[in-house]
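Visitor: Sequence and predicted model, in that order:
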Amino acid sequence: MTAPRNVDLVIHARWIVPVEPTGTLVDHALVVDRGDIVAIVASATADRDFVAAARVDLPTHVLIPGLVNAHTHAAMSLLRGIADDVPLKAWLEQHIWPREGRFVSPEFVYDGTLLAAAEMLRGGVTCAADMYFYPDAAARALDAAGMRALVGMPVLDFPTPYAADPDDYLQKGLAARDAFKHAARLAFALAPHAPYTVGDATWAKVTMYARQLDLPIHTHVAETRGEVDDSRKASGESPVERLERLGVTGPSLIAAHAVHVSDSDIDKLAAQRCHIVHCPASNMKLASGIAPVTAMLAHEINVALGTDGAASNNRLDLFAEMRLAGLLAKVATGDAAALPAATALRMATLGGAAAVGMDTRIGSLVAGKAADVVAVDLGGLDVMPVYEPVSHLVNVAGRDDVTDVWIGGERIVNTRTLATVDESALAARASAWQQRLC
């Protein structure tokens, strides 16, 4: 008879949803050792075969992979609600950019990113693809919070308080990447803002660095109708057509929004195996439109979910994005089965992990992957009864039902309390910024 194996952690739960392979496991346990998932087995088998240094019993919970917010501007949490009910162009030019010009600094980015990380972690988001100024300050905050992240190195053709010109952006971004090369939970991407703010010469440099350094490219694409119309007037091409001509498209491209893409654009994105990040709440709030997500999925494009920043969304809430994605697809197509709950959950987990290039390590609960695990309590009166846990996760439960979060086996959220962030001190810093920004 084989002796039980000593492991770091065993989590017993009512349900486990691995995402891939599909299906729901009932009364199973997830076994963790040295930060990785060792096994998912029946609870009785776990008791027989493993001796855990720590045991967690969650009899009313479902375990899911950590959610991946595949497009956000984390530091903009400090601008949450500052200009609601305003169209995108006016929102940027009259409200956001002037304040960024005055206030954005390493301190602003650190505090805003830490605030965003705290919000995301408490809501079950274990990994985020960020894009903002001072990526070194963002990386410090994300590292302090214990979160996984793909940190964007921003690039623009015009000067900001952060950098003077495209070369300055690139060099500062790469210096930040070098400074955090030993941070196990952080990776970096080149983050040119958008086709309309980055010229052809700069795109050529970005693409060269991406190929030479094996870096993803994270950018906004076809977010508004006006952007597409202006692109066609300027070059005779859609933003997607222009990026393809410049050699930007490919498996390392993370295209955020992609609201106004034609059938031809979708064909190109599919052929190049690009990743799309659907941001339903932000697109709705800024009246940008409804992205043709079902057509993208039909073309086997990997579609992830993102919140965008808290300034354009108000919430960094992937549970809300899952539900909105499903509802919008039904309304847009007239088909109630257009985007089922299992697909929405996959978009928020394994789809996001694939978009940020981490799907071999995160995004599903399988042996050998990192133990990035979220526990969602489905025992409350507001969510009972539970007939189908996956449907419940998307259509009933919310981020307030998240009780515990592990990243690499480390318990970052313990019974709704953050272990890595001083919440009182962070709230005080957020209030101080409010006084300066209002």
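Guide: Happy to help now that I have it.

Visitor: In the stretch 1-150 of the chain, mark out all the helices, start to finish.
Guide: Under the criterion DSSP state H, counting those that start in this stretch, the stretch 1-150 of the chain contains helices at 43-49, 88-90, 97-103, 106-122, 135-145.

Visitor: So for T2, which of those helices sits nearest?
Guide: helix 43-49 (7.8 Å; C-beta to C-beta). The C-beta positions use only the backbone N, C-alpha and C, and glycine is treated the same way.

Visitor: Give me the contact list for the closest one.
Guide: The contact list for helix 43-49 (C-beta atoms under 8 Å, 6 or more residues apart in numbering) reads 2, 4-5, 10, 12, 27-29, 31, 39, 41.

Visitor: Next: stretch 426-438.
Guide: The contact list for stretch 426-438, computed with C-beta under 8 Å, 6+ apart, reads 77-79, 82, 99, 103, 108, 111-112, 114-115, 118.

Visitor: Farthest pair within those?
Guide: Farthest apart among those - using C-beta to C-beta - are R99 and A118, which lie 21.8 Å from each other.

Visitor: of the two, who's got more company?
Guide: A118 (24 against 19; other C-beta atoms under 10 Å).

Visitor: So L426: helix, strand or coil?
Guide: Here L426 is recorded as helix under DSSP: H, G, I helix; E, B strand; the rest coil.

Visitor: how deep is it tucked in, by neighbour count?
Guide: Neighbour number of L426 under other C-beta under 10 Å is 17.

Visitor: Report whether the expected contact of P106 with A138 is present.
Guide: No - contact criterion C-beta atoms under 8 Å: P106 and A138 do not qualify, at 9.3 Å.

Visitor: Between these two, tell me which one has more neighbours.
Guide: When P106 and A138 are compared for neighbours, A138 comes out ahead with 31 against 14, by other C-beta under 10 Å.

Visitor: And for the closest residue to the more buried one other than its chain neighbours, the neighbour number?
Guide: Of all residues not flanking A138 in the chain, T113 sits nearest, at 4.5 Å (C-beta to C-beta, 6 or more residues apart in numbering). Neighbourhood size, T113 [other C-beta under 10 Å]: 33.

Visitor: Look up how far R273 lies from T113.
Guide: For T113, the distance to R273 equals 30 Å [C-beta to C-beta, to the nearest Å].

Visitor: same question, P87
Guide: Taken as C-beta to C-beta, the span from P87 to R273 is 33 Å.

Visitor: Go ahead and list the helix or strand containing A201.
Guide: Using DSSP states H and E, A201 falls within helix 200-213.

Visitor: Format the CA atom coordinates belonging to that helix as CSV.
Guide: Extracted C-alpha coordinates of helix 200-213, given in CSV (Å, rounded to 0.1, in the frame of the first residue of the first chain):
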residue,chain,number,x,y,z
ASP,A,200,3.8,54.0,-39.6
ALA,A,201,7.4,54.7,-38.7
THR,A,202,6.7,54.0,-35.0
TRP,A,203,4.7,50.9,-35.8
ALA,A,204,7.8,49.6,-37.7
LYS,A,205,10.0,50.1,-34.6
VAL,A,206,7.4,48.5,-32.3
THR,A,207,7.1,45.5,-34.6
MET,A,208,10.9,45.1,-34.8
TYR,A,209,11.3,45.1,-31.1
ALA,A,210,8.3,42.7,-30.7
ARG,A,211,9.9,40.2,-33.1
GLN,A,212,13.4,40.5,-31.8
LEU,A,213,12.5,40.3,-28.1
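
Visitor: what pLDDT, on average, does that helix get?
Guide: Mean pLDDT, computed over helix 200-213, is 98.

Visitor: counting contacts, what elements does that helix pack onto?
Guide: helix 166-179, strand 186-192, strand 217-221 (3 or more C-beta pairs under 8 Å, 6 or more residues apart in numbering; DSSP states H and E).

Visitor: CSV for these, including mean neighbour count and mean pLDDT?
Guide: Listed next are the helices and strands packed on helix 200-213 as CSV, based on neighbours: other C-beta atoms under 10 Å; pLDDT from 0 to 100:
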stretch, mean neighbour count, mean pLDDT
helix 166-179, 18, 98
strand 186-192, 25, 98
strand 217-221, 27, 98
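
Visitor: Adding distance to D130, write those out as TSV.
Guide: Supplementary listing: those in TSV, determined by distance: least, C-beta to C-beta, whole Å:
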stretch	distance to D130
helix 166-179	12
strand 186-192	8
strand 217-221	9
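
Visitor: of those, which approaches K369 most closely?
Guide: strand 186-192 (16.0 Å).

Visitor: tell me the centre residue of the protein?
Guide: N69 (1.3 Å; C-alpha atoms, centre = their mean).
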